[in-house]
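*Asks:* Okay, sequence plus prediction incoming.
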Amino acid sequence: NDYPQLTFSLNGGVESISQAQDEFDQCPNLKGVMIGRSWAADPWSFAMTDQLLYGTDGTVAKNRLEILEAYCKHADREEEL
């Protein structure tokens, strides 16, 4: 409340969707949570993130291969930058 013009995101230390949800619950003004190594180590465990955290009916990957293929496309785009 002291800095309404700022947006706060948590970067690091979050290892699961449930831990991310706990962080959002504890800090309602939190705008984002960055998860890196945990996702890279086990992307399948994050397949339902949008549904669990945001209640959206987003597309859920049917299998682990779909997640890895999507990640590879993302990594390719990042390398092009």
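*Replies:* Yep, it's here.

*Asks:* Please spell out which residues along stretch 49-63 are buried.
*Replies:* Judged by neighbour count using 16 or more other CB atoms under 10 Å, the buried positions of stretch 49-63 are Thr49, Ala61. All C-beta atoms are positioned from the backbone trio N, CA, C, and that covers glycine.

*Asks:* quick check: mean pLDDT across it?
*Replies:* For stretch 49-63, the mean per-residue pLDDT is 78.

*Asks:* Please tell me how far that stretch is from the chain's geometric centre.
*Replies:* How far stretch 49-63 lies from its chain's middle: 11 Å, per CA atoms, centre = their mean, to the nearest Å.

*Asks:* which stretches of this protein have low pLDDT?
*Replies:* 1, 58 (pLDDT under 70).

*Asks:* how about the strands in it?
*Replies:* Along the chain, the stretches classed as strands by DSSP state E are 8-11, 30-34.

*Asks:* Can you pull out the residues in contact with the longest helix belonging to the chain?
*Replies:* Longest helix in the chain, counting residues (DSSP state H): helix 64-80. For helix 64-80, contacts defined as CB atoms under 8 Å, 6 or more residues apart in numbering pick out Pro43, Trp44, Ala47, Ala61.
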